[in-house]
Structures are given as C-alpha cells and as structure tokens.
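Trainee: The following block contains a protein sequence and its predicted model.
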Amino acid sequence: MNLKADFPEKDLFVKLFGENVYAVGGYVRDLLMGIHSKDVDILITKHTVDEIVNKISKYGRVDLVGKSFGVIKFTTKGRTYDVSLPRTEVLDESRKKDHKNFIISADPNLPIEKDLERRDFRCNSIALRLIDGKIIDPFNGQKDIKEKIIRITNPKTFPDDPLRVLRIARFASILNFRVDPELYYISQRIDLKGLSVERINEELFKILLLSDRPSIGLKEFFKLGVLYQLFPELYKLTLTIQDSVFHPEKDEFGHHTVWHHTLITVDQAKRLCKKFNLSEEKSLALLLAALYHDVGKSETAKWEYKNGRMVITNNRHDVIGAKITEEVFNRFKIYSWNGYDLRKMVLILVRTHHRSTDLWQNRHNVTRRAFNRLAADVEGEIELLILLDAADRAGRYEELIDDLDEQGKWLFKKFEELRVSKETIKPLVMGRDLLKLGFSPGPKLGKILKKLYEMQLDNEFQTKEEGIKLASKVSKELFGKEKV
C-alpha cells in the first residue's frame, strides 16, 4: 500500500534528500486515519547532522536543539519541522528512571526499522517514504489503527520510559482507541514517581484540551495506575460514594462514586467550552475546575438523618476542596499558563462553584447586591462560574448536553439585566481620588477604600462622585475624623 503525504515542504525535502527522507510517527498514523495533521516529524537516513544542516539552512532557520542526539528544528514559511536521524535509545541504569535518562545514539546508517522499534506504540511505529508514498510498517501498526487499539511496539523496553504510561491514556482519549488489556498489568507495575511535573501536566492538559471526551483519558489514568501514583486526591474520589437520590449517576458496575460524577462533569464542561467558544486558557481553567470541583468530598462525607432517612452530606466541601486543589497545584507547580493566571482562577471556581445555585434558589427575592458580591468574588469571570455550575448539574446525567439548562440561562439573563459584569464591579473610588481631597496615604486610607468598595457592591452608590462624597463619612465612622 502506498500513501501520499501532503504538506507544504514535502517536495523540498524530496528534492534535497530523495529516497532517504520519511515522515514518521503521528503524522503517518493520522494520515492513515484520514486526518491531515499540521505537525510533521521528518526522518532522514544516510546523512549526518552537518550534511542535513548544510542542505536545509538555505531554505529556513535551523535550530540545533538536539544535535548531539540527531534532532534538528527546521522552520520555514511559518512552519516548524522536527528533523531527526535514525537513532537508538538505551536506558542509563546508573540514573533514576524518568523520561530523560537514556543514552541516545544517532546513526545515519541505522536501518529505519530499528528506529521505529524504539517508538512507544505500534500505531506510531510507521514511516512513510516521501518520494513514492511507500509505507514501512514492521510492527503491524496499520492493523492496530484499523482495529482502533493501542499496543506497545517493544514489550522489553516499554517500561524503561514511564512517560509512556501517561501517553497511553492520552492517545486512547484523543484517538478514541481502546487499550490492549496487557498494558494494564504492565503499567501498574511501573514506577511513575521520577516523572517531572512539567511532563505530567503536559499529558493531563492535552487530555483535557484535545479530547472530545476527556473522561476516556481520565478513566485510563485510573485503570493504568496513574491516578493512584500521581493523583492520590483524585484517587480518593473513586472510593467515595455519593447519595444515590441526589446523584443517581452510576458507573457500569453500579457504583455511585464522586469519581464517576467528576468524569461526567468534565465531559459536560468540555461541551460547554465548545458551545461558548472559550479560549484555550479559559477552557483549561474550566476543565481543571470541573476535575477538582468535588475533591473536598472525600474529606467531608458524612451520614446525617434528614427528611426521614439517612443522607450522605458534604458540608463545606467547596472550601475544603479549594484548599486541597491549592496543595495539588503547589505539588505540580501549576501557576500561569500562556500568560493566564490558571491557578488563581481554578481555585476561585472550586471555592465558589455552588454560589450561583444559591442565587437561583432565592431568585424570587435576590437583589443586585448578591449578584455584585458574587461577580466580585470570582473577579468578574461570571461566565466560567455559570458554566462550571451547569456542568456540575449535568454531571448527574450520562447524556451530554448541547446547551445550558433553565438555571444557567436565567443566571446569564439576570446578570445582563442588572448590568453586572467585570467592568461594573471595578472600584469606582481609587486612592488617587482621595489623595486629591487631602487624605493621607497609608493603611487607614486602604481601610476606607475597602469600605467604600463594599458599599459600592451593596449598591449604596453607583457613581464615582457619589462615592467620593461618602468618603469623609466613612472616615469619621472608622476613625472618628473626616480625613485621615
């Protein structure tokens, strides 16, 4: 079988390297699935690194990021290609196992089949010769693609790189492939503790952002032992039951666990990310918040007698959950992502994820003050809070939603009617306004400004002029004189 590659610089590579240039890995896999990926990994045989650089440097920028082990980044016309030589990887037994501790040997004359042998899964161990479209598939990767299954290329070397265990989950989730059951037995015995937090975060974030149903990858984390080793706070949710009346959702074995509810909630949140065209940054914040929104339930579950029966309650699980999530984020060094304060936003969402429901339940007498207060507490990210709350409610149903429910639509409409937004909750009175009136800088001025902002949120004034007029009165109430 021959397959035609189709990417902008294909003819250039063929012109420069003839029958010695191949597309490899994910690009070939995707092409066999009818997907035209933008990311293309190039393998060049029978040429040294210097020979490759001499040829391609005339056509774009060359970055020798991995010259010592035969890897070059080549950028031309806005596209970047990873260009490599055939190579072997052998675990360095003298160092602790993680994804970096390999002795890598690049060899221009190494048979391409040997390079493919070092790759993780059979569906990725395929090469496509660019000059004529010939497929090199020594491990039957095409068969696995057709059967939609993930099998490992080399059982002997697979455990050498623990990152591959997380990649199983990612590929299963993104490609919607099932996993060879043998991989569960192998993976559960692999020590994952040496992995860097950066690589763990990368795999988790890709599952959340690139999967239509992130729950597939998260389920694989559970089955592969990843949850137990790396995410113990989430693992506890698999052992924590919920009240079956309030949470009728159950897994295929009939368990009403917080984990199963969490999986559905994440999938529902993903649907809402697409529905509302959220940016990648806000999508990741919403999805991480959905993943951790009930993490506090494992610490707060309690049986109580209510309404004639014993009920499982989880009082303050939102507040406790935010503290647990903060500890998790400390461990994984999660702070900002693409310039967005991911950490702050996720913690806010976990801590406040029931607050919008309080507005709905009191909708017949709730005032603008309550909407102002909530908007301020989430720093104006009202949309994310409403979407998280909607996904949480939809986490009781297996069927994925296409839109908001009545409660979510009411909340959006009410915030709009009351004209409460990120802009309207900005403080009207600033320190510089009071300094012009003769107030002195310092802690007392800060307390006056804080009180004025609370009064603004409580709807006691709605313009800067009105707020400035109240400043002297506030100062007198707090400190006994009109100006501090």
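Mentor: Nice, thanks for sending it over. All figures in this text were calculated on a predicted structure; none of them were measured in a lab.
Trainee: and residue 238, how far is that from residue 54?
Mentor: Distance from residue 238 to residue 54, counting by CB to CB, to the nearest Å: 56 Å. The C-beta positions use only the backbone N, C-alpha and C, and glycine is treated the same way.
Trainee: should've said residue 426
Mentor: 58 Å.
Trainee: Pick out whichever of residue 238 and residue 54 has more residues nearby.
Mentor: For residue 238 versus residue 54, the count of surrounding residues by other CB atoms under 10 Å is larger for residue 238: 17 against 13.
Trainee: With adjacent residues omitted, what lies nearest to that one?
Mentor: Of all residues beyond its chain neighbours, the one nearest residue 238 is residue 259 (4.2 Å), with distances taken as CB to CB, 6 or more residues apart in numbering.
Trainee: quick one, what contacts the one you found?
Mentor: Contacts for residue 259 (CB atoms under 8 Å, 6 or more residues apart in numbering) come out as 222, 234, 237-238, 240.
Trainee: Make JSON lines out of those and add pLDDT.
Mentor: Listed next are those as JSON lines, based on pLDDT from 0 to 100:
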{"residue": "222", "pLDDT": "98"}
{"residue": "234", "pLDDT": "98"}
{"residue": "237", "pLDDT": "98"}
{"residue": "238", "pLDDT": "97"}
{"residue": "240", "pLDDT": "97"}
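Trainee: which two in those residues are spaced the farthest apart?
Mentor: Distances among the contacts of residue 259 were taken as CB to CB; the most separated pair is 222 and 240, at 13.6 Å.
Trainee: wait, what's in contact with the nearest residue to residue 292 once chain neighbours are set aside?
Mentor: Counting by CB to CB, 6+ apart, the nearest residue to residue 292 once its immediate chain neighbours are dropped is residue 325, at 4.5 Å. Residue 325 makes contact with 292, 295, 346-347, 350, according to CB under 8 Å, 6+ apart.
Trainee: Now do residue 325 against residue 73, distance only.
Mentor: Distance from residue 325 to residue 73, by CB to CB: 36 Å.
Trainee: repeat for residue 181
Mentor: 38 Å.
Trainee: For the residue nearest to residue 238, identify the helix or strand it belongs to.
Mentor: Assigned by DSSP states H and E, residue 259 falls within helix 258-275.
Trainee: Alpha carbons of that helix, as PDB, please.
Mentor: As requested, the backbone C-alpha atoms of helix 258-275 are provided in PDB (Å, rounded to 0.1, in the frame of the first residue of the first chain):
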ATOM      1  CA  VAL A 258     -17.700  11.000  43.300                       C
ATOM      2  CA  TRP A 259     -15.200   9.900  40.600                       C
ATOM      3  CA  HIS A 260     -17.900   8.900  38.200                       C
ATOM      4  CA  HIS A 261     -19.800  12.100  38.700                       C
ATOM      5  CA  THR A 262     -16.500  14.000  38.100                       C
ATOM      6  CA  LEU A 263     -15.900  12.200  34.800                       C
ATOM      7  CA  ILE A 264     -19.300  13.200  33.500                       C
ATOM      8  CA  THR A 265     -18.900  16.800  34.800                       C
ATOM      9  CA  VAL A 266     -15.600  17.100  32.900                       C
ATOM     10  CA  ASP A 267     -17.200  15.900  29.700                       C
ATOM     11  CA  GLN A 268     -20.100  18.300  30.100                       C
ATOM     12  CA  ALA A 269     -17.700  21.100  30.800                       C
ATOM     13  CA  LYS A 270     -15.900  20.300  27.500                       C
ATOM     14  CA  ARG A 271     -19.200  20.500  25.600                       C
ATOM     15  CA  LEU A 272     -19.800  23.900  27.100                       C
ATOM     16  CA  CYS A 273     -16.200  25.100  26.200                       C
ATOM     17  CA  LYS A 274     -17.100  24.500  22.600                       C
ATOM     18  CA  LYS A 275     -20.600  25.800  22.800                       C
END
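Trainee: got the angle between the next helix or strand after it and helix 258-275?
Mentor: Next helix or strand after helix 258-275 toward the C-terminus (DSSP H and E): helix 280-292. Relative orientation of helix 280-292 and helix 258-275, computed by axes from the mean of the first three to the mean of the last three CA atoms, to 10 degrees: 160 degrees.
Trainee: Name the next helix or strand downstream of helix 280-292, please.
Mentor: Heading C-terminal from helix 280-292 (DSSP H and E), you reach helix 297-300.
Trainee: Can you tell me what sits against that following helix?
Mentor: The contact list for helix 297-300 (CB under 8 Å, 6+ apart) reads 233, 236-237, 239-240, 242, 258, 313-317, 320-321, 324.
Trainee: Show me the residues you listed that map onto helices.
Mentor: Cross-referencing these against helices under DSSP state H gives 233, 258, 317, 320-321, 324.
Trainee: Model confidence for residue 37, exactly?
Mentor: At residue 37, the pLDDT value in this model is 87.
Trainee: doesn't it fall inside a strand?
Mentor: No - going by DSSP: H, G, I helix; E, B strand; the rest coil, the assignment for residue 37 is coil, not a strand.
Trainee: Count the neighbours of it for me.
Mentor: Residue 37: 16 surrounding residues under other CB under 10 Å.
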